[in-house]
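Participant: okay, here's the prediction I keep looking at, along with the sequence it came from:
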Amino acid sequence: QESRAMASAEEGIPTACTTIEEVGSTGVGALTVAFLILVVSTIVFLSKANSSGVQRKYYYLSTYICGFAAMAYFAMLSGQGWTAIAGCRQFFYAHYADWAVTFVLTTILLGLVAGAEADLIGGAAGSALVMIFSMYMGSVSVVTTVKWFWFLISLMGLAGAVVHFAQSFKAAADLKGGEGSALYGKVAWVVILTWMCYPVVWLFSEGFASFSVSFEVCAFALLDIVAKVVMSFMVMSAHDILGEGGAQSREYV
């Protein structure tokens, strides 16, 4: 009996679980589609970065945003990056490893588009990390009150990031004016709205366990595609505007 318990612990499966709610065929399909989209996008942005001038920094960030996400989805498709949490539910911690990197890179990308100072970008990135770390800790918490405490902390982290995007970054973008400010407004709201949906999906997945694992995977895959791929292509579509911003910044140095 003791050896069986140790074996279960090594596999990351709670010993009380006889069965685990795992992702189904629909969820696997969503993982596959998201992986392919992210891989193709990574190649596109890397190619664009290698053929660009002052805009290269934006495309390198987009490359790593999609590239890290693609690696996380490959891990999940390969049967890696998951464990079982309280309630005998499959939990993909690979998502959180992805988000800890890509949310920060997205914040840096938004900061560059807005022309924000480094301290503002750092503050927003820190808030994003608070959000992701707290969501992860809430997911693996066994005590219910502790789980909801972590969830509240994650909301505070999200609020901090949103305030930076909607006020501090926007003020910097408005100083630039023109098409650059309009571009930031569009990209920022895509990021803000999608980021606000992540805790909602978490609430009904790891929180209340109302959503199935497959539905959770599909929802997060959709959010990842919008927050990473769509957002990055929106930035790339403003290639000339980004070039003008880089030229202006060199003039003021």
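Facilitator: All right, it came through fine. Numbering: from 1, shown residues only.
Participant: all contacts plus neighbour counts: C-alpha atoms, from now on.
Facilitator: Noted.
Participant: mind listing what the residue lying closest to S232 once chain neighbours are set aside touches?
Facilitator: Distance criterion C-alpha to C-alpha, 6 or more residues apart in numbering; nearest residue to S232, sequence neighbours excluded, is S62 at 5.7 Å. Residues in contact with S62 (C-alpha atoms under 8 Å, 6 or more residues apart in numbering) are 42, 45, 106, 109, 228, 232.
Participant: return the distance of S62 relative to S134.
Facilitator: 25 Å (C-alpha to C-alpha, to the nearest Å).
Participant: OK, contacts around the residue nearest the centre of the chain?
Facilitator: Nearest to the mean C-alpha position of the chain, by C-alpha atoms, centre = their mean, lies W99 at 3.8 Å. The neighbours of W99, taking C-alpha under 8 Å, 6+ apart as the test, are 69, 132.
Participant: list the buried residues for the helix or strand harbouring it?
Facilitator: According to DSSP states H and E, W99 maps onto helix 94-114. Buried residues in helix 94-114, defined by neighbour count with 16 or more other C-alpha atoms under 10 Å: 94-114.
Participant: next SSE downstream of it?
Facilitator: Using DSSP H and E, the next helix or strand after helix 94-114 towards the C-terminus is helix 118-140.
Participant: neighbouring contacts of the helix or strand just after that following helix?
Facilitator: Sequence-wise, the next helix or strand downstream of helix 118-140 (DSSP H and E) is helix 144-163. Residues outside helix 144-163 that contact it (C-alpha under 8 Å, 6+ apart): 123-125, 127-135, 137-141, 192, 195-196, 199, 207.
Participant: how about stretch 68-79?
Facilitator: Stretch 68-79 is touched from outside by 28, 31-32, 34-36, 38-39, 81-82, 92, 94-95, 97-99, 101-102, with contacts defined as C-alpha under 8 Å, 6+ apart.
Participant: what about 6 Å?
Facilitator: Applying C-alpha atoms under 6 Å, 6 or more residues apart in numbering, the contact partners of stretch 68-79 are 35, 38-39, 81, 94, 98.
Participant: send me the helix holding W99 as CSV with only the CA atoms.
Facilitator: Only the C-alpha atoms of helix 94-114 are listed here, as CSV (Å, rounded to 0.1, in the frame of the first residue of the first chain):
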residue,chain,number,x,y,z
ALA,A,94,2.5,24.5,-18.7
HIS,A,95,0.0,27.3,-19.3
TYR,A,96,1.3,29.2,-16.3
ALA,A,97,5.0,28.7,-17.3
ASP,A,98,4.0,30.2,-20.7
TRP,A,99,2.0,33.1,-19.3
ALA,A,100,4.8,34.0,-16.8
VAL,A,101,7.0,34.7,-19.8
THR,A,102,4.6,35.9,-22.5
PHE,A,103,2.5,38.3,-20.3
VAL,A,104,5.8,40.0,-19.4
LEU,A,105,6.9,40.1,-23.0
THR,A,106,3.5,41.4,-24.1
THR,A,107,3.8,44.2,-21.5
ILE,A,108,7.2,45.2,-22.8
LEU,A,109,5.7,45.2,-26.4
LEU,A,110,2.9,47.4,-25.4
GLY,A,111,5.3,49.7,-23.5
LEU,A,112,7.5,50.1,-26.6
VAL,A,113,4.4,50.8,-28.9
ALA,A,114,3.3,53.4,-26.4
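Participant: now it: mean pLDDT?
Facilitator: Mean pLDDT, computed over helix 94-114, is 98.
Participant: what do you get for stretch 200-213?
Facilitator: Here the average pLDDT along stretch 200-213 is 96.
Participant: now the terminal residues of that stretch, how far apart.
Facilitator: Using C-alpha to C-alpha, one end of stretch 200-213 lies 15 Å from the other.
Participant: likewise stretch 226-237?
Facilitator: Note: stretch 226-237 ends 15 Å apart using C-alpha to C-alpha.
Participant: what's the neighbour count on S51?
Facilitator: Residues lying near S51 (other C-alpha atoms under 10 Å) number 10.
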